[in-house]
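>>> For reference, the sequence and a predicted model appear below.
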Amino acid sequence: MKHSLGGLGAVSCLILLLACPALALTGARNGLLLWADVVLPTLLPFMICSGMIVALNGVPLLTKPLFPFLSRFMGLSQPGSFVFITGLLCGYPMGARMDSRFLEEGRIGLNEARTLLAVSNHPSPMFILGYICVQAASLFSSSNACPPWIFLTALYLPILPVSFLAKKCYHLNQEASLCRQDNYKSEHTRVSFDAHLMDCLETMEKIGLYIMIFSILALYLSALPDSLLPLTLRCALLGAVEITTGIQAISGSVPGFAGALLITAAGAFGGISGIFQTKSVLKSAGLSIRHYILWKFFHSVLSCAAFALCFFINQSLQIGI
């Protein structure tokens, strides 16, 4: 039955491509342009740099300022702290990629890797400030109605409760993580920069192909008439499919608080495209993409609640002023 449904889906995709080739061409072009103009120049330098930091044993230098906090409140080891910081600063799917790599190399244990997968894959601050906030600015007549701090708080604050629940769920033991860190011996092997570049390029190619595929799907969804799919629901689906295209559609069609809330949900969830990108970099056994989806859904719900609270607090402050 599974293979039959898969075959039926593949045939349906082929029929759609043949029936509307212009949409497929435009969607593919949009996805590849998005990858080449935004994702590649933003993500690839971070990917190359983070890999060289690991290879040259620079992890302790980067994690030292935040390690006491991350160790005490999240139970992370020093390598785990590096995974968390990388995922937070670099955006999808760098946290998952580094998490899988560190688990494969034995730098972190399975329980810590599972906990990190729940909390280390997020949109980067650059994406939030440079794209989400810019797109959301068109939803309101006043720039003070929804300042950037609201989106930053809504998307990052839920990391704390999610990490607490994930730590309990996966029985993360701080002492065991620190013991593993102390016993881990780095192998001082010769670093092949060319091999590292090829690995980064392979990952970027996978990400680019997924962006292209889901950009085509997003364009087909956007072409559906309002009688089949109401505008607000269509924008919400676009945000669930691919966050960049979805956020752009939401900002142009759903004004005010509702639009900002949908943008927050899309940014926190990461989209189905982000899920497939994450799955493509999970090479280690024991890291479940199903668990990841559940955690992202929970994070999205918390982000929406945090956004609503911060938004109404800001409105009250504005009225008071």
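Here it is on my side, so go on.

>>> For whichever helix in the chain runs longest, buried residues please.
Longest helix in the chain by number of residues (criterion: DSSP state H): helix 289-320. By neighbour count on 16 or more other CB atoms under 10 Å, the buried set for helix 289-320 is 292-293, 295-296, 298-300, 302-304, 306-308, 310-311, 314. Heads up, the C-betas are built off the backbone N, CA and C, glycines and all.

>>> same deal with stretch 73-86?
Under the neighbour-count criterion of 16+ other CB under 10 Å, stretch 73-86 has 74-86 buried.

>>> now whichever strand or helix holds residue 244, how far from the centre of its chain.
Using DSSP states H and E, residue 244 sits in helix 243-253. Chain-centre distance of helix 243-253: 16 Å, with CA atoms, centre = their mean, to the nearest Å.

>>> Please name every helix or strand in contact with it.
In terms of contacts (3 or more CB pairs under 8 Å, 6 or more residues apart in numbering; DSSP states H and E), helix 243-253 is packed against helix 21-34, helix 133-137, helix 193-222, helix 231-241, helix 256-269, helix 271-281.

>>> Keeping just the C-alphas, turn it into CSV.
Output of helix 243-253 as CSV, limited to C-alpha atoms (Å, rounded to 0.1, in the frame of the first residue of the first chain):
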residue,chain,number,x,y,z
ILE,A,243,9.1,29.5,5.1
THR,A,244,10.6,32.1,2.8
THR,A,245,7.9,31.9,0.1
GLY,A,246,5.2,31.5,2.7
ILE,A,247,6.3,34.5,4.8
GLN,A,248,6.4,36.6,1.6
ALA,A,249,2.8,35.5,0.7
ILE,A,250,1.6,36.1,4.2
SER,A,251,3.0,39.6,4.3
GLY,A,252,1.3,40.5,1.1
SER,A,253,-2.1,39.0,1.9
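
>>> Which residues does it contact?
Outside of helix 243-253, the residues within contact range by CB atoms under 8 Å, 6 or more residues apart in numbering are 30, 34, 38, 123, 131-132, 135-136, 138-139, 214-215, 218-219, 222, 231-232, 234-240, 259, 262-263, 266-267, 269-271, 273-274.

>>> Buried subset of the residues you listed as a ChimeraX selection?
To isolate the buried ones among the contacts of helix 243-253 in ChimeraX, judged by 16+ other CB under 10 Å, type:
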select :30,34,123,131,132,135,136,139,214,215,218,219,222,234,235,236,237,238,239,240,259,262,263,266,267,269,270,271,273,274
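
>>> Between the helices and strands packed on helix 243-253, which one is closest to residue 48.
helix 193-222 (5.5 Å; CB to CB).

>>> which regions of the stretch 1-150 of the chain lie under the pLDDT threshold?
Applying pLDDT under 70 to the stretch 1-150 of the chain flags the ranges 1-7, 9.

>>> let's see 80
Applying pLDDT under 80 to the stretch 1-150 of the chain picks out residues 1-21, 38-39, 42-43, 46-47, 50-66, 73, 91, 143.

>>> Which elements pack onto the longest helix of the chain?
helix 110-119, helix 148-156, helix 159-169, helix 256-269, helix 271-281.

>>> right, so those helices: which one is the most enclosed?
Among the helices and strands packed on helix 289-320, the stretch with the highest mean neighbour count (mean count of other CB atoms under 10 Å) is helix 110-119, at a mean of 25.

>>> Please spell out which residues along the very next helix or strand once past it are buried.
As assigned by DSSP H and E, the chain's next helix or strand after helix 110-119 is helix 125-127. In terms of neighbour count (16+ other CB under 10 Å), helix 125-127 has its buried residues at 125, 127.

>>> what residues does helix 125-127 touch?
So helix 125-127 is in contact with 42, 88, 89, 91, 152, going by CB under 8 Å, 6+ apart.

>>> Would you mind measuring from the first one to residue 94?
Okay, so that is residue 42. Residue 42 sits at a distance of 11 Å from residue 94 (criterion: CB to CB, to the nearest Å).

>>> Looking at these two now, which is surrounded by more residues?
residue 94 (24 against 17; other CB atoms under 10 Å).

>>> quick one, what contacts residue 290?
Applying CB under 8 Å, 6+ apart, no residues qualify as near residue 290.

>>> what do you get for residue 281?
When contacts are counted by CB under 8 Å, 6+ apart, residue 281 touches 93, 96, 97, 100, 203, 206.

>>> Residue 287: which of those residues is nearest?
Comparing the contacts of residue 281 against residue 287 with CB to CB places residue 100 closest, at 6.1 Å.

>>> before we move on, the earlier item: so can I have TSV of the contacts of residue 281 showing neighbour count?
TSV is the format used below for those (neighbours: other CB atoms under 10 Å):
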residue	neighbour count
93	28
96	26
97	29
100	23
203	19
206	16
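
>>> Tell me which two in these are the farthest apart.
Across those (CB to CB), the longest gap, 13.3 Å, separates 100 and 206.
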